[in-house]
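# Provided below for reference: sequence and predicted model.
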Amino acid sequence: MVNQVLSLEERLNAQPRLKERIEALLAIVEEGKEDVKQADEAERRVIAEVRRLGNDVLCSWAAQQEAAQRAVVGRQGAARAGKKNSTGIPRLGR
């Protein structure tokens with residue numbers, strides 16, 4: 001498999017939730033002249049968006065880790081859940 005270098009835009013397109021958060025941060029900067037008149041309000045909006053971005057980043061990372069672990073378990077041929085055939089441990093003595 002050939003490693004292909006993806007542009008930032010292509011990488012963000014693969015992560016729509018992250019792209020949405022980055023666009024929201026850019027909107028704060030671009031609309032700053034009209035929508036946000038005070039630094040306090042701009043700071044509050046940026047902090048809220050960065051928190052959402054952090055949450056989305058961690059959720060995406062966790063989903064990728066889970067998928068990678070499932071692939072590893074699948075390759076190892078883990079036993080599937082099902083009814084066990086054992087009747088228990090036989091009694092000793094009698």
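Nice, I can see it.
# how many other residues sit next to Leu25?
Using other Cβ atoms under 10 Å as the criterion, Leu25 is surrounded by 15 other residues. Glycine gets a C-beta too; all of them are placed from N, C-alpha and C.
# Skipping its backbone neighbours, what lies nearest it in space?
Nearest in space to Leu25, with sequence neighbours left out and distances taken as Cβ to Cβ, 6 or more residues apart in numbering, is Glu49 at 5.2 Å.
# ok, now Val50?
The shortest distance from Val50 to any residue that is not its chain neighbour, by Cβ to Cβ, 6+ apart, is 7.5 Å, and that residue is Leu25.
# Just checking the distance from the one helix or strand the one you found maps to to the centre of its chain.
Under the assignment given by DSSP states H and E, the secondary-structure element containing Leu25 is helix 16-30. Between the centre of helix 16-30 and the centre of its host chain there is 17 Å, according to Cα atoms, centre = their mean, to the nearest Å.
# Grab the most central residue of this protein for me.
Ranked by distance to the mean C-alpha position of the chain (Cα atoms, centre = their mean), the top residue is Ser60 at 0.9 Å.
# OK, contacts around the residue nearest to Leu25?
Taking Cβ atoms under 8 Å, 6 or more residues apart in numbering as the criterion, Glu49 is in contact with 21, 24-25, 28.
# So it: helix, strand or coil?
Secondary structure, DSSP: H, G, I helix; E, B strand; the rest coil: Glu49 is helix.
# same check, this time on Ile89
In three-state terms, and counting by three-state DSSP, Ile89 is coil.
# can you give me the helices for this protein?
Read by DSSP state H, the chain holds these helices, from start to end of the chain: 8-13, 16-30, 39-76.
# Make JSON lines out of those helices and add mean pLDDT and distance to Gly88.
Converted to JSON lines, the helices of the chain look like this (pLDDT from 0 to 100; distance: least, Cβ to Cβ, whole Å):
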{"stretch": "helix 8-13", "mean pLDDT": "93", "distance to Gly88": "55"}
{"stretch": "helix 16-30", "mean pLDDT": "91", "distance to Gly88": "50"}
{"stretch": "helix 39-76", "mean pLDDT": "90", "distance to Gly88": "28"}
